[in-house]
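Engineer: need a 3D model of the following:
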Amino acid sequence: MLSLTYSHLALVHATGPSSSAPWWGAPVIAGSFLVLGAVLAFVFNLTQENRRTKRANVERWDQKILDHTSMVMTTTRQLIQDSFDHETALSVFSELAVDQMHRGESNDPPPIRERSGTNFYETFDALMGESSSLQLIAPKGVRDAINDLQTAAGDLFFAENELVRSESVDRLHRVSAALEKSVRKHFGIKD
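Structural biologist: Numbers count the residues shown, from 1 in each chain. Predicted structure coming up:
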């Protein structure tokens, strides 16, 4: 009959009862880890892509700020030069007109006066356009400097005499330097 020895009973007791985990348990656990791994990989890749996109956008906007600032600075220098050229042309024209009037000649305006006025106007218009573009994308500190620059440029453009023009040029130099400083501060560039 059935002869069970002590060693057989010890083996049955050590391994437990004859019923074990269902046959589908191991594949379900493995599949769960596989799905969990896929979800974690997707979340990690999505996070990395969002960071990369954000960094690319910041770099793109920073490049636009640099480009517009460069154009504003260049156009500001050109505006100052054009204001001197226009003032010189007006002075020469005035002296010529007075001289022609004393001699009784007709005083037709020389074409240089019109050309200098046109250049001055076009440069002022370009400066206002570039500075307005920079205002749209720049941080607050840079926008404040741009507002000051636009005001100083307007004062120079509408200056009625040499004293006001000279003061406006000095102020334009100062606010131009302040703009440069604010852009450097925005980018963390030390002077």
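Engineer: which SS class is K190?
Structural biologist: coil (DSSP: H, G, I helix; E, B strand; the rest coil).
Engineer: check F33 and give its pLDDT.
Structural biologist: pLDDT for F33: 91.
Engineer: for the helix or strand containing it, packing partners?
Structural biologist: Assigned by DSSP states H and E, F33 belongs to helix 25-103. When contacts are defined as 3 or more Cβ pairs under 8 Å, 6 or more residues apart in numbering; DSSP states H and E, helix 25-103 sits against helix 111-137, helix 140-157, helix 162-187. In this view, the C-beta of every residue, glycine as well, is placed from N, C-alpha and C.
Engineer: helices or strands up against the longest one?
Structural biologist: Applying 3+ Cβ pairs under 8 Å, 6+ apart, one finds that helix 111-137 makes contact with helix 25-103, helix 140-157.
Engineer: ok, how many other residues are close to the closest residue to K190 other than its chain neighbours?
Structural biologist: Using Cβ to Cβ, 6 or more residues apart in numbering and skipping the chain neighbours, the partner closest in space to K190 is R184 (7.7 Å). By other Cβ atoms under 10 Å, the residues close to R184 number 13.
Engineer: buried residues, stretch 75-92. List them.
Structural biologist: 75-76, 78-80, 82-83, 85-87, 89 (16 or more other Cβ atoms under 10 Å).
Engineer: ok, of these, which one's closest to F124?
Structural biologist: L79 (5.9 Å; Cβ to Cβ).
Engineer: contacts only, for the residue nearest to the spatial centre of the chain.
Structural biologist: The centroid of the chain falls nearest to I65 when counting by Cα atoms, centre = their mean (3.0 Å). Residues in contact with I65 (Cβ atoms under 8 Å, 6 or more residues apart in numbering) are 134, 137-138, 142, 183, 186.
Engineer: would you turn those residues into JSON lines with distance to A56, pLDDT and neighbour count?
Structural biologist: Below are those laid out as JSON lines (distance: Cβ to Cβ, whole Å; pLDDT from 0 to 100; neighbours: other Cβ atoms under 10 Å):
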{"residue": "L134", "distance to A56": "21", "pLDDT": "90", "neighbour count": "24"}
{"residue": "I137", "distance to A56": "16", "pLDDT": "88", "neighbour count": "13"}
{"residue": "A138", "distance to A56": "19", "pLDDT": "87", "neighbour count": "23"}
{"residue": "V142", "distance to A56": "21", "pLDDT": "90", "neighbour count": "21"}
{"residue": "V183", "distance to A56": "21", "pLDDT": "90", "neighbour count": "24"}
{"residue": "H186", "distance to A56": "18", "pLDDT": "86", "neighbour count": "17"}
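Engineer: which one of the residues you listed sits closest to L34?
Structural biologist: Of these, the one sitting nearest to L34 (Cβ to Cβ) turns out to be I137, at 46.3 Å.
Engineer: report the contact partners of the closest one.
Structural biologist: Neighbouring residues of I137 by Cβ under 8 Å, 6+ apart: 61, 64-65, 68.
Engineer: dump the helices and strands packed on helix 111-137 to TSV, plus distance to V169.
Structural biologist: Listed next are the helices and strands packed on helix 111-137 as TSV, based on distance: least, Cβ to Cβ, whole Å:
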stretch	distance to V169
helix 25-103	6
helix 140-157	6
